[in-house]
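**Student:** Structure for this input, please:
(chains A and B)
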Amino acid sequence: MAKKPLLEFTDRGIYCAQGKFYIDPWKPVDDAVITHAHADHAYWGHKHYLAHHLSREVLLYRLGEINLQTVEYGEIVHKNGVTVSLFPAGHVIGSAQIRVEYKGEVWVVSGDYKVEDDGISTPFEPVKCHHFISECTFGMPVYQWKPQVQTFNEINSWWRNNLDNGLATVLVGYSLGKAQRILQNLDLFNGKIYTHGVIENTNEALRRNGVLLNPTERITQESSKEEVRKGIIIAPPSSVGTPWMRKFQPYSFGYCSGWMAIRGAKRRRAADRGFVLSDHADWDGLISAIDATDCECVYLTHGYTATFSRYLNEIGFNAHEVHTLYGGEEDPSNLPEGEAPSAGEPEKEVLSFGEDLSEVGGADS
Amino acid sequence: MKAFAQLFLSLDETNKTNEKVKVLKDYFNTVPDTDKMHMLALFTGRRAKRQINSTLVRNWAIEASHIPAWLFEESYHVVGDLAETMALLMPQSDASSSKTLTEWIAEINALNDKTEERKKEWLMDSWAMLDSQERFVFNKLLTGSFRVGVSQNLVIKALADISGLEPAVLTHRIMGSWLPETYQFSQLMAEQDAEANISRPYPFFLAYPIQETSEKQKTPAEVGIALGDASDWQAEWKWDGIRAQMIKRGGEIFIWSRGEDLATEKFPELHLFLNALPDGTVIDGEILSFQNGLPMPFNVLQTRIGRKNLSKKILEESPVAVIAYDCLEHKGEDIRYKSQTERREILEQLQTETRYSEVFRISSLIQFESWEQLGSIREQSRAMIAEGIMLKRKSAAYQVGRRRGDWWKWKIDPLSVDAVMIYAQKGHGRRADLYADYTFAVWDGDKLVPFAKAYSGLTDAEINKVDYFVKRNTIEKFGPVRTVKPELVFEIGFEGINKSTRHKSGIALRFPRILRWRHDKPKEEADTLESLKALLGE
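**Tutor:** Numbering: from 1, shown residues only, chains lettered A, B, ... in the order given. Here you go, the predicted model:
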């Protein structure tokens, strides 16, 4: 009889039968280990959560009162004889790969990851394993990132240029991860950083967690439009085209995403500028990360899984596609309105604690 | 090339018309004159002859990218643009070339008589000399189509701003065939047009549609409110052939299609009558296939377009004639400024004088007293093998390009059928990596038979929804094509239907497009092949 694999793919998520826990499950379970706080990985309704310390405040902010245990990278937790530990994934602050070991067999679940050091997330660390469960959001060779310093030089000079031309600057990126990465790398000599409420809520959660971020100012009804137009506005994708954004006209609007690498995707977005900046590994990054695990077998959960697994098999890896509910194959901005965002990040955020939702919906003040 | 690559990048970086014009002006003000003319040629669709065929370029790009061919193809479907795919897949480079656009094009043209081996060597060296943005525009030069999101009108606007000349004058000066190697920028911008190029056509005047969408039908009364007194207007049938401009100057004849292709040799039947015209005559008209004095459907003409050699058989099966609409030049004088009525008189005079009235026909005027009456005449369009009615203001001059006001087309409703989407493929350009090209089927018994492909007619939001559906309802993948669970029903509109031996369904449609998504219809209620065939009118 074939031995049961240590981790299985079930309709609730990735499951460890031996340890009786799930990793990033999308249906309510008793025991969930969470790679990071993005909505397609950290769902509401589990009885117990395990995550990294730096995900703590964001998880509580996003999911409300949950039973949450947090650990440091490398710290060992035992679950029914199975050893569980977290290793940096470099995706966003607090993101982790989950290492699972039982009787000498090691599995690693990557969650989402990138290999470039973004300066704010703990850098990705390869973990040796027998079985590696990897994302491949950008698993096509056309996706090759430049070093982020080049992209930030472009962003900073665009901002400078807008100031010279009397334009406000609106930079759009996801509220957890991209937004902080941007604001840590802006040239503060250009001006102040203003944030949309949804982003500032995430910033505050991270600051409560002890993360040092550049100073930012929440845009409220009291904010002076003239002052805000002299700085840079960081806004989530859901604010694009809303009256909230339009009140800063005339502006130049930039979009930060890996999808911006393709001209067509950029034109579709109708952004003035598309900056190629991703929190996922690019083609070479994926291959080097998988290679560094020395794994016998790699399972691809989301992204261009079919193409990427075919290529990996051709170059000598043992790769398989698996179906999960993590980000699909698409650019999240192409999703029809009202559909659950899948790739990576929530387009709309759940504001708990009875906060005012009008800001999220974009109602003008 | 740096400046040309930067031009592309800067045009991509703004969505605002004024800024695009500014970017174009900056380019014109910084590069050498020869580069300006090359850029102008490229931006107005005058592509130099392809010196390396695209299969070779593709194969060598695959080699330079160190990836398997299948992965290159998959990448192409994600990117939706060949030049861009090649640029993205090659190893990153810090090199940059100081050669001008003119120099690069000269090098490309010099490949003409080189061996394949030499061409490859040159291409590999060239790629190594360029950074990725330069490679992208360089690949565009090599492989063709320059669709840059900038209309010819914007380029003309930039040139008009620089020179102080009227846009219409500049539009005329860049019509027809000219070579960037010989046409000087100073000639183009000269106060007086010294140009004596006898083949040069005039810019076409194009009608604006009365019904901008097929969903909102305008009644004759509404047309009347918009256009005023019926007696101010001249009405003709809107013929479905090839719009053309025919020139007789200096003893020579030229036939230009609306796409500014010189098509003189494609229509030998017209040569006799054109040669017999007085020198200094330009006629605007429609070329159609005729049989027994009656126009035939467009697909008959289509069989001879694109043929290199016109066999005797083809000439016998689909002989062409011209239905003349207008006269733009008479006795060597540009008479576009004259009124429609005056030009019509001149045209009628020319046509009366011809000995070739079988091929030199005139578009007959429709007599009508009221918009109501014209509305009911319009109902006969399909029987006339016409697409509807053209309305021209009697007092109007012949203008440049498509504009509202004096020429209107009042087309009949398209034919339509409800069909089920069964295959989907990724789109191109701004629809790259989205399932945006679809194949539709109708019922033949309990089977769905594909009969048309269409990719236009949906909004971006609708395309996103269909894309979402396709990705979650794929049955099988055949290369780039996905077989999709038959479920979504769309109303497909088309201008005409004909028998076809090349298609499984036995029919071919003219201009199929999506009219609307029928959320209300289950797939069982889609139309049948039988009902489609009934439209063949047999």
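
**Student:** The residue of chain B found nearest chain A: what's it in contact with?
**Tutor:** Closest residue of chain B to chain A, CB to the nearest CB: B:Ala432 (3.3 Å). C-beta here means a position set from N, CA and C on the backbone, and glycine is covered the same way. Residues in contact with B:Ala432 (CB atoms under 8 Å, 6 or more residues apart in numbering or on different chains) are A:Ile262, A:Arg263, A:Gly264, A:Ala265, B:Val78, B:Val79, B:Gly80, B:Asp81, B:Lys426.

**Student:** Can you flag which of the residues you listed belong to helices?
**Tutor:** A:Arg263, A:Gly264, A:Ala265, B:Val78, B:Val79 (DSSP state H).

**Student:** Is the third one in contact with B:Asp433, as I believe?
**Tutor:** Yes: with contact defined as CB atoms under 8 Å, A:Ala265 reaches B:Asp433; the gap is 6.6 Å.

**Student:** per-residue pLDDT, the closest residue to chain B within the stretch 251-365 of chain A?
**Tutor:** Nearest to chain B in the stretch 251-365 of chain A, going by CB to the nearest CB, is A:Gly264, at a distance of 3.3 Å. Per-residue pLDDT puts A:Gly264 at 85.

**Student:** same question, B:Pro486
**Tutor:** Reported pLDDT for B:Pro486: 94.

**Student:** In space, what's closest to it - neighbours in sequence excluded?
**Tutor:** Among residues not flanking B:Pro486 along the chain, B:Val420 sits closest, at 4.8 Å (CB to CB, 6 or more residues apart in numbering or on different chains).

**Student:** Direction included, what does the helix or strand where that neighbour lies pair up with?
**Tutor:** Following DSSP states H and E, one finds B:Val420 within strand B:415-426. The strands beside strand B:415-426 in its sheet (DSSP bridges) come out as strand B:435-444 (antiparallel), strand B:481-484 (antiparallel), strand B:489-494 (antiparallel).

**Student:** Buried ones in that strand, by neighbour count?
**Tutor:** B:Leu415, B:Ser416, B:Val417, B:Asp418, B:Ala419, B:Val420, B:Met421, B:Ile422, B:Tyr423, B:Ala424, B:Gln425, B:Lys426 (16 or more other CB atoms under 10 Å in any protein chain shown).

**Student:** of those, closest to B:Lys120?
**Tutor:** Comparing those against B:Lys120 with CB to CB picks out B:Lys426 as the nearest, at 29.8 Å.

**Student:** how close does that closest one get to A:Asp112?
**Tutor:** 24 Å (CB to CB, to the nearest Å).

**Student:** Repeat that for B:Leu40.
**Tutor:** Between B:Leu40 and A:Asp112 the computed distance is 47 Å (CB to CB).

**Student:** So those two - more neighbours on which side?
**Tutor:** Between B:Leu40 and A:Asp112, A:Asp112 has the larger neighbour count (other CB atoms under 10 Å in any protein chain shown), namely 31 against 22.

**Student:** residue contacts, the more buried one?
**Tutor:** Counting by CB under 8 Å, 6+ apart, A:Asp112 makes contact with A:35-36, A:38, A:41, A:89, A:91-92, A:95, A:135, A:137, A:279-280, A:326-327, A:344.

**Student:** Out of those, which sit inside strands?
**Tutor:** A:Glu135 (DSSP state E).

**Student:** ok so, going back, buried subset of the ones in helices among the contacts of B:Ala432, written for PyMOL?
**Tutor:** The PyMOL selection below is limited to those of the ones in helices among the contacts of B:Ala432 classed as buried (16+ other CB under 10 Å):
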select buried, (chain A and resi 263+264+265) or (chain B and resi 78+79)
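
**Student:** No further questions, thank you.
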